[in-house]
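Undergrad: Have a look; sequence and predicted model below, questions after that.
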Amino acid sequence: MNHPFLPLLVMFAVASVIVVALLTVASLFGPKSTNAAKNDPFESGNPPTGDARIRFSVRFYLVAMLFLIFDLEVVFLYPWAIYFRHLGVFGLIQMGIFLVILTVGYVYVWKKGALEWD
Amino acid sequence: MQALLDQMIQEGAFAGVPKEVVYTIAMVLTAVVVLSAFVAPLAGVTSWLERRVWARMQSRVGPNRVGPQGILQWLADGIKNIMKEDIIPTAADQKLFPLAPYVVFMGFLCAFVVIPFGESLIVADLNIGILYLLSVTSLVVVGILMAGWASNNKWSLLGGMRSAAQIVSYEIPAGLSVLTVVFLAGTLSMQGIIKAQGWRPWDWFMFHNPFTFCAFFLFFTAALAEGNRTPFDIPEAESELVAGYVTEYSGMRFLFFFFAEWGNLYVIGAVVTTLFMGGWQVPPVTDNPVLLGILQFLTFFLKAYFWVFVAMWIRATLPRVRVDQLMGLCWKYMVPLSFICLLGTIGFMFMDTNSRRIFGAITLGFAIATIINFFRRVGFQFRSAKPEAYWKPHI
């Protein structure tokens, strides 16, 4: 209450204590027996073949990049939204130009087929 | 909270104790109470209620053995999970694997800091409230990616990657829909957004204009997708991915993932209520602050829980979508639609109050007509199908 973010820190600390306490209790009560088959990764009952850290589809990277671009755009809009009434028509025109450029980018991405998932 | 504490200090209730110590103790106590007496039973009871509601919708009984109507099922499940072995596979990353459920759980718990249960019932009314909530719930993505990668299991990796792609994609329509409300309220603070609305339905942002009405549905859909709920639960699609990113988890760590999922349902309901449905606003019926606080809490809780129930209903009704349908829906429909909603709302802000109210009334009328039509259709289908309905809600 001296600092607005102090309650956040307290909440975080209390939550950590609760999580650690629950895990400690669980490790006290739970059975501990190990064997090789139990500690293998699950692959539908078959013996696991190779490592799971193989290359995966490039589409996930594409989604990540699109997310970065468009989420940054949304973050840029938040300050404008708060000061919208103060900035008035001038701010609207400025942000309008920004949004038009962004829309052109969106249409380009769509036409290039980056939004397809096949 | 703050005002009450100041008043107690003024009256000398904590004589001889430094002010900072009182504040810190009060904050720790609030956090403990919110977490253990509200969040834990809430997530637990939601898990039980979901199984019950789902069972009734499928003409089954559901869990009804532990406690009255089975309401203590969640405690039994929790105790059972504490008694289970905590397996960490030898092939898994020994540091990241145990840490992942913790990150997911933290991301969900920290969202409760800014949820306004009542006018004075809020842990901290941050001035960046809704932005903080959007960002801290994104911590869940990190946890899910960690879980998927660290498990060193092909199912887990696929589930984790799918989940991350889905959550980050749906973050954009969600963010744009929230933005429509931020434009109208002119603030990011959760209490500020609620105070910009009123207790009457036509004062809610949901019925402000037709575009916010659309934004509401877009936000709810995107929030369901971010919470990995059916029909968007492909990351844990048991028919193709075993259990997705939780395949290798057991015992308490497994429980943390699902605790976060059910708790998140309430967070979704609470955010929808805050942004679009007037939050805790109640008609001015009493001057008693305690009574008013209880009334506000109940109003907020019931509104939020209604959307939790709708999410359960959707889960019982709709089939799961495919991956390409999921991503296509987000990028090709929801992003442009939420963008149009945003622009439309900006347009409405330039309109004078009287003509704006006419559009608000039309929106409200349309919503009421839709609901009436929905129940008429349900009634018609129900009568024409002549089911052997069993109306008793409990058994």
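TA: Structure's in. What do you need?

Undergrad: so how many other residues sit close to residue 36?
TA: By default, I'm working from chain A. 7 (other Cβ atoms under 10 Å in any protein chain shown). C-beta here means a position set from N, CA and C on the backbone, and glycine is covered the same way.

Undergrad: could you do chain B instead?
TA: The number of residues near residue B:36, taken as other Cβ under 10 Å, comes to 12.

Undergrad: what about the closest residue to it other than its chain neighbours, distance to residue B:212?
TA: Leaving aside its sequence neighbours, residue B:36 sits nearest to residue A:18 (Cβ to Cβ, 6 or more residues apart in numbering or on different chains; 7.0 Å). Noted for residue A:18: a distance of 38 Å to residue B:212, by Cβ to Cβ, to the nearest Å.

Undergrad: With neighbour numbers in mind, choose between these two.
TA: Between residue A:18 and residue B:212, counting by other Cβ under 10 Å, residue B:212 is the more crowded of the two (27 against 18).

Undergrad: Now that one. Its backbone dihedrals?
TA: The phi and psi values for residue B:212, taken as degrees, to the nearest 10, are phi -70, psi -30.

Undergrad: hang on, the earlier thing: in this structure the residue nearest to residue B:36 contacts residue B:34, no?
TA: No. Here residue A:18 lies out of contact with residue B:34, judged by Cβ atoms under 8 Å, at a distance of 11.1 Å.

Undergrad: Around chain A, which positions in the stretch 151-300 of chain B sit nearby?
TA: For the stretch 151-300 of chain B, the residues in contact with chain A (Cβ under 8 Å from any Cβ of the partner chain) are B:151-158, B:161, B:164-165, B:168-169, B:171-172, B:175-176, B:179, B:182-183, B:186-188, B:242, B:247-248, B:251-253, B:256.

Undergrad: could you redo the last one with a cut-off of 6 Å?
TA: Residues of the stretch 151-300 of chain B lying close to chain A by Cβ under 6 Å from any Cβ of the partner chain are B:152-154, B:157, B:161, B:165, B:168, B:172, B:175-176, B:179, B:182-183, B:247, B:251-252.

Undergrad: Show me which residues of chain A sit near chain B.
TA: Within chain A, the positions adjacent to chain B are A:1, A:4, A:7-8, A:10-11, A:14-15, A:18-19, A:22-23, A:25-27, A:29-31, A:39, A:41-42, A:52, A:56, A:60, A:63, A:67, A:70-71, A:74, A:77, A:81, A:84, A:115, A:117 by Cβ under 6 Å from any Cβ.

Undergrad: Point to the helix or strand of chain A where mean pLDDT is at its lowest.
TA: Least confident helix or strand of chain A, by mean pLDDT, DSSP states H and E, is helix A:6-29 with a mean of 82.

Undergrad: list the buried ones in it?
TA: Residues of helix A:6-29 classed as buried by neighbour count (16 or more other Cβ atoms under 10 Å in any protein chain shown): A:7-8, A:10-11, A:14-15, A:18-19, A:22-23, A:26.

Undergrad: Widest-spaced pair of those?
TA: A:7 and A:26 (28.5 Å; Cβ to Cβ).

Undergrad: Can you spell out which helices and strands pack onto the helix or strand harbouring residue B:261?
TA: In this assignment (DSSP states H and E), residue B:261 forms part of helix B:251-276. On a contact count with 3 or more Cβ pairs under 6 Å, 6 or more residues apart in numbering or on different chains; DSSP states H and E, helix B:251-276 meets helix A:6-29, helix B:40-57, helix B:73-82, helix B:96-109, helix B:210-226, helix B:289-317.

Undergrad: Which one, of the ones you listed, ends up nearest to residue A:98?
TA: So among the helices and strands packed on helix B:251-276, helix B:210-226 is nearest, using Cβ to Cβ, at 20.0 Å.

Undergrad: which residues sit against the helix or strand just after that closest one?
TA: Going down the chain from helix B:210-226, the next helix or strand is helix B:238-241, by DSSP H and E. Contact partners of helix B:238-241, identified using Cβ atoms under 6 Å, 6 or more residues apart in numbering or on different chains, comprise B:155, B:158-159.

Undergrad: Need the residues you listed in CSV (columns: distance to residue B:237).
TA: Listed next are these as CSV, based on distance: Cβ to Cβ, whole Å:
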residue, distance to residue B:237
B:155, 10
B:158, 10
B:159, 8
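
Undergrad: Looking at neighbours, which among those residues is most surrounded?
TA: Result: residue B:159 is most packed of the contacts of helix B:238-241 (other Cβ under 10 Å), 28 neighbours.

Undergrad: What's the separation between it and residue B:228?
TA: 10 Å.

Undergrad: How about the lengthiest helix in chain A, which residues are buried there?
TA: Counting residues, the longest helix found in chain A (DSSP state H) is helix A:84-112. Applying a neighbour-count criterion of 16+ other Cβ under 10 Å, one finds A:84, A:95, A:99, A:102, A:106, A:109 buried in helix A:84-112.

Undergrad: Among those residues, give me the pair with the biggest separation.
TA: Among the buried residues of helix A:84-112, the pair separated by the greatest distance (Cβ to Cβ) is A:84 and A:109, at 27.3 Å.

Undergrad: Residue B:178: helix or strand, and which one exactly?
TA: Using DSSP H and E, residue B:178 falls within helix B:154-185.

Undergrad: other SSEs contacting that helix?
TA: Applying 3+ Cβ pairs under 6 Å, 6+ apart, one finds that helix B:154-185 makes contact with helix A:59-82, helix B:139-150, helix B:210-226, helix B:238-241, helix B:335-349.

Undergrad: Kindly reformat the ones you listed as JSON lines containing distance to residue B:362 and mean pLDDT.
TA: Below are the helices and strands packed on helix B:154-185 laid out as JSON lines (distance: least, Cβ to Cβ, whole Å; pLDDT from 0 to 100):
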{"stretch": "helix A:59-82", "distance to residue B:362": "25", "mean pLDDT": "86"}
{"stretch": "helix B:139-150", "distance to residue B:362": "38", "mean pLDDT": "87"}
{"stretch": "helix B:210-226", "distance to residue B:362": "7", "mean pLDDT": "89"}
{"stretch": "helix B:238-241", "distance to residue B:362": "44", "mean pLDDT": "72"}
{"stretch": "helix B:335-349", "distance to residue B:362": "12", "mean pLDDT": "89"}
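
Undergrad: In JSON lines, list those helices along with distance to residue B:267.
TA: Shown next, in JSON lines, are the helices and strands packed on helix B:154-185 (distance: least, Cβ to Cβ, whole Å):
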{"stretch": "helix A:59-82", "distance to residue B:267": "20"}
{"stretch": "helix B:139-150", "distance to residue B:267": "10"}
{"stretch": "helix B:210-226", "distance to residue B:267": "9"}
{"stretch": "helix B:238-241", "distance to residue B:267": "24"}
{"stretch": "helix B:335-349", "distance to residue B:267": "20"}
